[in-house]
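J.: Give the three-dimensional model of this entry:
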Amino acid sequence: MHTSDWHLGKRLQRRSRDSEFDAVLAEIVEIARRTLPDLIVHSGDLFDRYSLSPGDLMRAMTSLSALRSVAPVVVVGGNHDSPHWFDVLDHVFQNTAEPGAHPVTFVHTAADGSGGGRVLDFPTRDQSQRIRLAALPFIHPNRFMHLFPGLGTTHGAYAQGLRGLQEELITQLHEGYSPQHDVLVFATHLYLSGALLSGSERHLDVSDAYATAPDDLPRVSYCALGHIHKPQALTSSKATAHYAGSPLQFDFGECDDAKSVLLVEADPQRPTRTAPQRLTAGRLLKKFTGTLEELAFRAEEFSNTFLDVTITSQNLIPQLSQKVATAVPDADVVYLTEDCAETRITPLNVSDLPQEEPELTESFRAYLTEHGTPGRVADEVLAAFGSLLHHPGGDEPPPCPAELGLQEALAHPWTPDSTGSETA
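T.: Next comes the predicted model:
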């Protein structure tokens, strides 16, 4: 069973979702108890933040304890997970396990920044086969120079370094590998080029500079991918690869996503098959665009949802937020936008622009008129402007009226007369 990106502690614009997490985690545990998988893989981002609340920590421990009562559990470190907290959880689970209990294994980047990948072996429930799992946690881009010295700092260096780590891990995976007996699985937390983002991922960690090509995945029966919250399959020539996605809708870019966990049936002698198991416990995120009256008419449709509302109107609606809340009393309005015709700014299209450029002098005259330049002054300024406009080169332009007036003043300066007053 493949699950991923729980992001325990994540909020929606400061709104707690703890009750939803409790419900959906109970649903995941129930699916595990019903289907009895041989192995449960969590492909990263168990938590949303490095600093944990006691409630989030207890929620993770309770859920993982319930899952390990069904099958072994492996949790791969994601970009949101703290290696130090993973060490704490590992210590707790190792020292509280009853004899014969299934293990819970945490695979993360070490505190010194080393890669931290591991190969783990798990017998199937009927002991007829062995699952060989290569687990590669998220490698932070700000640590890659320490991990991959000599590769440089180009965009391709990070992906090249990851390929090197992956190749080392896959070499270990094939040591003692039996093609008739072993099922090979690769679990990792990384961004594959071509993956569809939802909008709730941390954008610095899903840029094209740090993308891995799907065909760079190893040749295994199944690749359990984490990091992207929209559940999806990735086309790879070497493996069946899936992002399990998040168990709750975290962003309005996920409105149309059906959340699930994946059951993976893998066998060395047959193609791998996947079967999503729908998760329904979380509240839905929905978008609405229309008038206030249309919103009220569809109020029942938005009951118990988080809502992104855009109200269209001809005139501004006073106290709009209160009126929207009254229209959909059973919804939680997260975003509210008013698209009002009287305040809307419509950008010009190319077809709206004048087909012929107006004459420059006339445009300047209109500008002077608009700014209230007196007529006589405007005439002199326009004459100077026209003179400069028609003599752009090195030729000496003829004197303009303002220049002639200045020359006249300099030729006949003002002088004081005998009475002390100034005369020309």
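J.: Ignoring the adjacent residues along the chain, who's closest to residue 11?
T.: Spatial nearest neighbour of residue 11, chain neighbours left out: residue 17 (6.4 Å); criterion: Cβ to Cβ, 6 or more residues apart in numbering. C-beta here means a position set from N, CA and C on the backbone, and glycine is covered the same way.
J.: pretty sure residue 213 contacts residue 191?
T.: No. Using Cβ atoms under 8 Å, residue 213 makes no contact with residue 191, being 10.9 Å away.
J.: any low-confidence regions in the chain?
T.: Scanning the chain with the threshold set as pLDDT under 70 gives 110-116, 141-156, 204-205, 209, 346-358, 375-376, 391-402, 415-424.
J.: all helices for it, in order.
T.: All helices of the chain, identified by DSSP state H, fall at 18-35, 54-68, 83-96, 144-147, 155-173, 292-297, 320-327, 360-370, 375-389, 401-411.
J.: With mean neighbour count and distance to residue 118 added, can I get those helices in TSV?
T.: Putting the helices of the chain into TSV (neighbours: other Cβ atoms under 10 Å; distance: least, Cβ to Cβ, whole Å) gives the following:
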stretch	mean neighbour count	distance to residue 118
helix 18-35	17	23
helix 54-68	18	18
helix 83-96	15	12
helix 144-147	16	16
helix 155-173	17	8
helix 292-297	15	52
helix 320-327	15	51
helix 360-370	12	73
helix 375-389	14	77
helix 401-411	11	84
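J.: among those, which is nearest residue 260?
T.: Residue 260 lies closest, by Cβ to Cβ, to one member of these: helix 18-35, at 9.2 Å.
J.: elements contacting that closest one?
T.: With contacts defined as 3 or more Cβ pairs under 8 Å, 6 or more residues apart in numbering; DSSP states H and E, helix 18-35 has these neighbours: helix 54-68, strand 260-267.
J.: Would you mind putting the ones you listed into CSV with distance to residue 296 alongside?
T.: Output for the helices and strands packed on helix 18-35, formatted as CSV (distance: least, Cβ to Cβ, whole Å):
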stretch, distance to residue 296
helix 54-68, 37
strand 260-267, 33
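J.: Out of the ones you listed, which is closest to residue 253?
T.: Short answer: strand 260-267, nearest of these by Cβ to Cβ, at 17.3 Å.
J.: quick one: that closest one to chain centroid distance?
T.: Put simply, strand 260-267 sits 26 Å off its chain's centre (Cα atoms, centre = their mean, to the nearest Å).
J.: Check which residues of it are buried.
T.: By neighbour count on 16 or more other Cβ atoms under 10 Å, the buried set for strand 260-267 is 260-264, 266.
J.: Over to stretch 2-11?
T.: Residues 2-10 are the ones in stretch 2-11 that count as buried (16+ other Cβ under 10 Å).
J.: same check, this time on stretch 245-262
T.: Per 16+ other Cβ under 10 Å, stretch 245-262 contains these buried residues: 245-254, 257, 259-262.
J.: Would you mind giving the helices of the chain as a markdown table with distance to residue 129 added?
T.: Listed next are the helices of the chain as a markdown table, based on distance: least, Cβ to Cβ, whole Å:
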| stretch | distance to residue 129 |
| --- | --- |
| helix 18-35 | 17 |
| helix 54-68 | 20 |
| helix 83-96 | 25 |
| helix 144-147 | 34 |
| helix 155-173 | 15 |
| helix 292-297 | 55 |
| helix 320-327 | 57 |
| helix 360-370 | 82 |
| helix 375-389 | 87 |
| helix 401-411 | 97 |
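J.: All set now, cheers.
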